[in-house]
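*Asks:* here you go, sequence then predicted model.
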Amino acid sequence: MSFTVAIDGPAAAGKGTISRAVAAHFGFAHLDTGLLYRAVGIRALEIGRGIIAPDMAEKVARELTEAHLQRPDLRSARAGQTASRVAALPPVRAALLDFQRRFARRAGGAVLDGRDIGTVICPDAEVKLYVTASDAVRAQRRFEELTAAGAQTTLEAVAADLRQRDLRDSARDIAPMVRAGDAVLLDTSELSIDAAVTQAVAEIQKRL
Ligand code: C5P
């Protein structure tokens, strides 16, 4: 029997942390779908020597393997920006669709986090959460995450990066970032990680 938890929301709202924690709690598999777009973006940029050719991005997406998701540079702001550019290309999204749907329907339960999981990838997911937080809180969290990892950046630069990416993600024609009508809203602005995870676990528990 499969059981799918779809977790969407903007960057740095806490989706990743919550997804990993609930997957561990219930023993479900977890897929961070942002990594797929990050890997496609970074490889397409390398092959195109700094220029993203849509055809090449599609080819990269079709040939993406698990190994490509292990690259250490996928968490950088550059990878995030490139991801949001290739993510607006319909053939790239089409190429990644089957893999995500198969993952969602695997036996034993799955948590997928991204932007369009509850709306496009798994509209029939058993549980849908839309995780968000204020712009200021998200920028502060991502800034702390990046500087802890050794990146040289400023809070203003991080805030501008998130704003630009969120705008592109919510304004695109295909699979825009939007809360599904039946998704439970989880605003983590004022919540500790533990409190947010507890709420997410409770929502899932209700439907198990
Ligand atoms: O979640 P993360 O910040 O790693 O995602 C990077 C980018 O990938 C997002 O800004 C978005 O453009 C794209 N993305 C997407 N659909 C998903 C997951 C990520 O369009 N399901």
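*Replies:* Ah, there it is. Residues are numbered from 1 along each chain as shown.

*Asks:* where does L129 land in three-state SS?
*Replies:* Three-state assignment for L129 (DSSP: H, G, I helix; E, B strand; the rest coil): strand.

*Asks:* which residues touch it?
*Replies:* Taking C-beta atoms under 8 Å, 6 or more residues apart in numbering, we find L129 in contact with V5, A6, I7, D8, G9, I18, G118, A183, V184, L186, A200, E203. Backbone N, C-alpha and C define where each C-beta goes, glycine included.

*Asks:* let's go with 10 Å and repeat that
*Replies:* 5-9, 15, 18-19, 22, 111, 113, 117-118, 179-180, 183-186, 196, 199-200, 203-204 (C-beta atoms under 10 Å, 6 or more residues apart in numbering).

*Asks:* filter the residues you listed down to the buried ones and express that as a ChimeraX selection.
*Replies:* Filtering the contacts of L129 down to the buried ones (16 or more other C-beta atoms under 10 Å) takes a single ChimeraX command:
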select :5,6,7,8,9,15,18,19,22,111,113,117,118,179,180,183,184,186,196,199,200,204
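
*Asks:* so of the contacts of L129, which ones are in helices?
*Replies:* K15, I18, S19, V22, A196, Q199, A200, E203, I204 (DSSP state H).

*Asks:* who in the protein is up against the ligand?
*Replies:* Within reach of the ligand by C-beta under 6 Å from any ligand atom, the chain has these residues: 11, 33-34, 37-38, 80, 83-84, 87, 114-117, 165, 169.

*Asks:* from these, which ones fall inside helices?
*Replies:* Among the residues of the chain next to the ligand, the members found in helices (DSSP H) are G34, Y37, R38, G80, A83, S84, R165, D169.
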